[in-house]
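> Dropping the sequence and predicted coords here.
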Amino acid sequence: MTGNLSAPPNDRRIVVTVQGIDRVGIVARFSQVLADADANLTDISQSVLHGDLFVMVAVADLSPEGSPFEALRQALTDAGETLGVAVQVQREEIFRAMHRI
Amino acid sequence: MSLSLHEIMETLHMVQESHLDIRTVTLGLNLQDCAGDDPNQVAARIGERVRTRAARLKDESQKLAAEYGVPIVNARVAVTPVANLLTRPSADGYVAIARALDEAAAHVGVDFLGGFSALLEKGITAAEAHYLDALPEALATTGRVCASVNVATTHAGINMDAIARMGHIITDAAARTADSDGLACAKLVTFANAVPDNPFMAGAFHGYGEADATLNVGISGPGVVARALDGIEGADLGTVADTIKRAAFQITRAGELVGRELSRRLNVGFGVLDLSLAPTDTVGDSVGEILEKMGLERVGTHGTTAALALLNDAVKKGGAFASGYVGGLSGAFIPVSEDRMMIRSAAEGCLTIDKLEAMTSVCSVGLDMLAVPGDTPATTISAILADQAAIGTINSKTTAVRIIPVPGKQVGDMARFGGLLGEAPIMPVHDQSSAHMIERGGRIPAPIQGLKN
């Protein structure tokens, strides 16, 4: 992944990971949930493995005026349940801590 | 540098498939200013202290676990060793304190609270004698309170009088909880060179050199290390050590981040990160499995001590670089009842008490959650404690024993403790008596290793 991820880490940045069977509308649905929460999507990467296993990783910045972390996590999890895909929402710091010195 | 898709997925897999977690966040609380004459007043002050200072511990840790996507398995509380809190001591007074701690732990939602403890390495005060009298009842009548007794240090030597008492206390506590396979003993640790900032139960207490409140974090992740070894089958042991170091680095960084953020939110100082691989009875979360992956048919066979030494050292080397403050026990745990591979090997007769004792010399807690026949003499238990204390004092390291003489059970039976404490096959002890040595009492002098000044 490229782009804004090279910016210094901050505690408003989240990583959304979606895994499941590919179907129409997954990216659109999650983008909409993020937009509704006033979270700025800064990077997105997706691929379909083995023909139908969909994997998407999106990075977004929470707005100070938008939904707090827990509300957004719940909204994304609900969207995942509707679409039948597994969703993880995590603060970006954990990835930086584990993979960067 | 930007994060790659691979890195993000690797972290997710560590949690989802390899059981990466923060094993414990433990809030250490000073109770020294709760001391006094009247046990009921002291108990009330202690209860109030735990209820107020630990009020947000559980909620905040669960919130943080959700935000980072890394489970925090246990939130716990450790307090000042209670043996010194009663200025007009009585056994009943200490039992009252245990009950107050038990109720406060339940109130703040923590499953175990440590610090019903005493430091007896050189002598036993009048108050501490009352504390020892109270110990079996306190453990048998509470569910969440954990006790620990330090009986030896490299500087003081080994208090054999305290060790002789502990043999009787352990058999008494087991007898009082016969209907739960001697469960009280699972909450009692006998230490040599106990540390004041260990976050892991049952041996956690808040030492005398500590601040009013401190947060210590215990990392884990045997599963992550085991999975890392899957990728290097047949590689030489230098490569094995290097692979473990890398996995330990990543696990520790996760623990450091979570610990620092939680201490900020709770407004208490960050103490230490304890780099101990702690197994659970979940499939794939076993220290024994790591040792077997190194090439042993069964954990406990010849070569096990060497494999454990490699593992323990590599975890420290990888972890020490990843954390600002490493402390606590920082050594692999090998609790028999909590590790599937150890249970299997012990049941087959491959893993013996003598081998576990040898393994203690290269890790921190060697005879842990060890079930022995219910009719094991108290003096034999004391002798086992003395052997462990000798390894600790001579090698200037912590050793600890949690041994359960399971009432009514014999070799071939299983002891079942339930929940996190798991189940353990009854392991044979030597029939030959150690009684005359234990009955001598006294103090084994501090070893020459203690004279460093």
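It's in. All values reported here derive from a predicted model rather than from experimental measurement. Numbering: from 1, shown residues only, chains lettered A, B, ... in the order given.
> which bits of chain A sit near chain B?
A:1-3, A:5-6, A:15, A:17, A:45, A:47, A:55, A:57, A:69-70, A:73, A:88-100 (C-beta under 8 Å from any C-beta of the partner chain). Placement of C-beta: from N, CA and C, glycine included.
> Just the buried subset of those, please.
A:1, A:5, A:15, A:17, A:45, A:55, A:57, A:69, A:73, A:88-99 (16 or more other C-beta atoms under 10 Å in any protein chain shown).
> average pLDDT across the helix ranked longest in chain A?
With secondary structure taken from DSSP state H, chain A has its longest helix at helix A:69-83. For helix A:69-83, mean pLDDT is 93.
> contact partners of that helix?
By C-beta atoms under 8 Å, 6 or more residues apart in numbering or on different chains, the residues outside helix A:69-83 that reach it are A:14, A:16, A:18, A:20, A:23, A:25-26, A:29-30, A:33-34, A:36-37, A:39, A:62, A:66-67, A:86-87, A:89, A:91, B:63, B:66-67.
> Pull out the buried positions in stretch B:112-127.
By neighbour count on 16+ other C-beta under 10 Å, the buried set for stretch B:112-127 is B:112-122, B:124, B:127.
> Only the buried residues of stretch B:234-245, if you could.
For stretch B:234-245, by 16+ other C-beta under 10 Å, it's B:240, B:241, B:243, B:244, B:245.
> If you could redo that for stretch B:223-237, that was the one I meant.
So, applying 16+ other C-beta under 10 Å, buried residues of stretch B:223-237: B:223, B:224, B:225, B:226, B:227, B:228, B:229.
> Am I right that residue A:35 sits in a strand?
No. Read with DSSP: H, G, I helix; E, B strand; the rest coil, residue A:35 is helix and lies in no strand.
> Next one: it from chain B, what distance?
21 Å (C-beta to the nearest C-beta, to the nearest Å).
> cool, residue A:63 as well?
17 Å.
> ok, which pair from the buried residues of stretch B:112-127 is furthest apart?
Taking C-beta to C-beta as the measure, the buried residues of stretch B:112-127 span a maximum distance of 28.1 Å, between B:112 and B:122.
> now the strands for chain B?
Shown for chain B, the strands assigned by DSSP state E span residues B:22-29, B:72-79, B:113-119, B:145-153, B:157-159, B:188-192, B:213-219, B:269-274, B:333-335, B:365-373, B:399-406, B:414-416, B:423-425, B:443-444.
> Chain A is nearest to which of the ones you listed?
Nearest to chain A among these is strand B:22-29 (10.9 Å), distances taken as C-beta to the nearest C-beta.
> Could you please name the strands the closest one pairs with and the direction of each pair?
Applying DSSP bridges, strand B:22-29 is found paired with strand B:72-79 (parallel), strand B:213-219 (antiparallel).
> ok so, going back, dump the strands of chain B to a markdown table, plus mean pLDDT.
Output for the strands of chain B, formatted as a markdown table (pLDDT from 0 to 100):
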| stretch | mean pLDDT |
| --- | --- |
| strand B:22-29 | 95 |
| strand B:72-79 | 95 |
| strand B:113-119 | 98 |
| strand B:145-153 | 98 |
| strand B:157-159 | 98 |
| strand B:188-192 | 98 |
| strand B:213-219 | 95 |
| strand B:269-274 | 94 |
| strand B:333-335 | 88 |
| strand B:365-373 | 91 |
| strand B:399-406 | 96 |
| strand B:414-416 | 95 |
| strand B:423-425 | 94 |
| strand B:443-444 | 98 |
